[in-house]
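> Just the structure for this:
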Amino acid sequence: MENLAKIDCECINYTWVIENYYLIMGKEGYVTTHNVNVGIDGIKFYLKFNNNPNNNRDFILYLYINGLKNDADKKKFSYKISVIKDDQIVYTRIDFPDKAAGEEIFEMDRKGMNMFISSTGSLTIHCELTYATGNLKQIFNYKSVLTNEVPKLKFDWILLDENLAIKLQTAEIIEIPAHRVVLAAASPVFKAMFSHDMLENKRQSVDMTDINYEAAVEMLRYIYTGSVKTQEFSLTTKVLAAADKYEIEGLKEECEKILMSAVSTENVIEAIMMSNKYNTNKLKIKAVDFVKRNINESPNSDKAGDMIVSMTQFLQK
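Numbering: from 1, shown residues only. You can find the predicted model right below:
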């Protein structure tokens, strides 16, 4: 038996890239983002980096939240701030703000800051600001099917973002930006590519010319966000093939569910063939049952005829 405590909330994701970080800090002494509108009651936030006034060799990152009326408003917020260096998260802090007017996130000396600066001299900070929109809810006898699964990281904020990205080359010779650490975390195949002495690890691109552009984008959507947008049978079969090649089991399961819900007289034979090829047993059972049910209901029906025509056409390909 489990108990789930939850509260309805909204989340704002914001990424701040400071190029030529040391030049900016050396010349200006500080740098700020613009005000970001949270979307409720005129509340806005911004980030500020500046030299420590007591020691100009130290640097401090601040988070400011403007528009809070009282302590009760302040308690509705939490933040998660991460520093990303060359595609890898090297620092994370999760907390709630004690001070609306300048919450100190971290203070670093120059040597410490070097651990945060990328190989191109830039500093990348991601801020995830969450605020409560409802009251606490208690769900008793809660049973989660994901209890034993490792939670997926959310990378939706850098999906198709060219910053710090390598290129995936698709069948149409279209290049799609992606990030090594995200791909490696999702796929053991990508991890092997980037970990060993392989061509993909030496250059800034990966050859995926056996996968079309739309299927590659859907695969990346799942890797970065945990979701699949398409519900169309033909495209989903291509995404399934990509998931099988790169051993992304969660995506294979999602594709199988979509294909099961989309089985029809026009595609049922292809569904059976796909289930055999990619070892998706639930899809096979659903497709075979579909054939049996439609033929048994009315042997001379148009549906039965359509399936026979579909089988003939598919086998002639």
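> Show me what the helix or strand hosting Glu256 is packed up against.
Glu256 is part of helix 249-261 when elements are defined by DSSP states H and E. Packing contacts for helix 249-261, counted by 3 or more CB pairs under 8 Å, 6 or more residues apart in numbering; DSSP states H and E, involve helix 213-225, helix 233-245, helix 268-278, helix 281-297. All C-beta spots, glycine's among them, are computed from the backbone N, C-alpha and C.
> let's see 6 Å
Where contact means 3 or more CB pairs under 6 Å, 6 or more residues apart in numbering; DSSP states H and E, helix 249-261 is packed against helix 233-245, helix 281-297.
> Mind listing what's buried along that helix?
251-252, 254-256, 258-260 (16 or more other CB atoms under 10 Å).
> still on that earlier bit, if I average pLDDT within each of the helices and strands packed on helix 249-261, which one is lowest?
Least confidently modelled of these is helix 281-297, at a mean of 82 by mean pLDDT.
> buried residues in that helix?
283-284, 286-287, 290-291, 294.
> Restricting to C-alpha, output that helix in PDB.
What follows is helix 281-297, C-alpha atoms only, in PDB (Å, rounded to 0.1, in the frame of the first residue of the first chain):
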ATOM      1  CA  ASN A 281       4.100  -9.600 -28.700                       C
ATOM      2  CA  LYS A 282       1.100  -7.500 -27.500                       C
ATOM      3  CA  LEU A 283       0.800  -6.000 -31.000                       C
ATOM      4  CA  LYS A 284       0.900  -9.500 -32.500                       C
ATOM      5  CA  ILE A 285      -1.900 -10.800 -30.300                       C
ATOM      6  CA  LYS A 286      -4.000  -7.700 -31.000                       C
ATOM      7  CA  ALA A 287      -3.500  -8.000 -34.800                       C
ATOM      8  CA  VAL A 288      -4.200 -11.700 -34.900                       C
ATOM      9  CA  ASP A 289      -7.300 -11.400 -32.800                       C
ATOM     10  CA  PHE A 290      -8.500  -8.600 -35.100                       C
ATOM     11  CA  VAL A 291      -8.100 -10.800 -38.200                       C
ATOM     12  CA  LYS A 292      -9.900 -13.700 -36.400                       C
ATOM     13  CA  ARG A 293     -12.800 -11.600 -35.200                       C
ATOM     14  CA  ASN A 294     -13.500  -9.900 -38.500                       C
ATOM     15  CA  ILE A 295     -13.300 -13.100 -40.600                       C
ATOM     16  CA  ASN A 296     -15.500 -15.100 -38.100                       C
ATOM     17  CA  GLU A 297     -18.100 -12.400 -37.800                       C
END
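> how big is the angle separating it from helix 249-261?
Orientation of helix 281-297 against helix 249-261 (axes from the mean of the first three to the mean of the last three CA atoms, to 10 degrees) gives an angle of 10 degrees.
> what sits up against helix 281-297?
For helix 281-297, the external contacting residues (CB atoms under 6 Å, 6 or more residues apart in numbering) are 256, 259-260, 263, 268, 271-272, 275, 303-304.
> Stretch 4-24 now?
In contact with stretch 4-24 (CB under 6 Å, 6+ apart) are residues 31, 33, 36, 38, 47, 117, 121-134, 136-139, 142, 157.
> same deal with stretch 85-100?
In contact with stretch 85-100 (CB under 6 Å, 6+ apart) are residues 65, 68, 74, 77-78, 80-83, 103, 105, 116, 118-119, 164, 179-181.
> Please repeat the previous calculation with a cut-off of 8 Å.
63-66, 68, 74-75, 77-84, 103, 105-106, 115-119, 124, 164, 179-182 (CB atoms under 8 Å, 6 or more residues apart in numbering).
> Let's see which of the residues you listed end up in helices.
Secondary structure from DSSP state H places 74, 180-182 of the contacts of stretch 85-100 in helices.
> what about Val263, how many neighbours?
The tally of other residues near Val263 (other CB atoms under 10 Å) stands at 19.
> do Tyr79 as well
20.
> residues contacting it?
Tyr79 neighbours (CB under 8 Å, 6+ apart): 63, 93-97, 103, 127-130.
> So the residue lying closest to Leu63 once chain neighbours are set aside versus Glu175, what's the distance?
Once flanking residues are discounted, Leu63 sits nearest to Glu103: 4.5 Å by CB to CB, 6 or more residues apart in numbering. Using CB to CB, to the nearest Å, one gets 40 Å for the distance from Glu103 to Glu175.
> cool, and Val17?
With CB to CB as the criterion, Val17 and Glu175 are 21 Å apart.
> circling back: including distance to Ala192, could the buried residues of helix 281-297 go into JSON lines?
Formatted as JSON lines, the buried residues of helix 281-297 follow (distance: CB to CB, whole Å):
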{"residue": "Leu283", "distance to Ala192": "28"}
{"residue": "Lys284", "distance to Ala192": "29"}
{"residue": "Lys286", "distance to Ala192": "33"}
{"residue": "Ala287", "distance to Ala192": "33"}
{"residue": "Phe290", "distance to Ala192": "38"}
{"residue": "Val291", "distance to Ala192": "39"}
{"residue": "Asn294", "distance to Ala192": "44"}
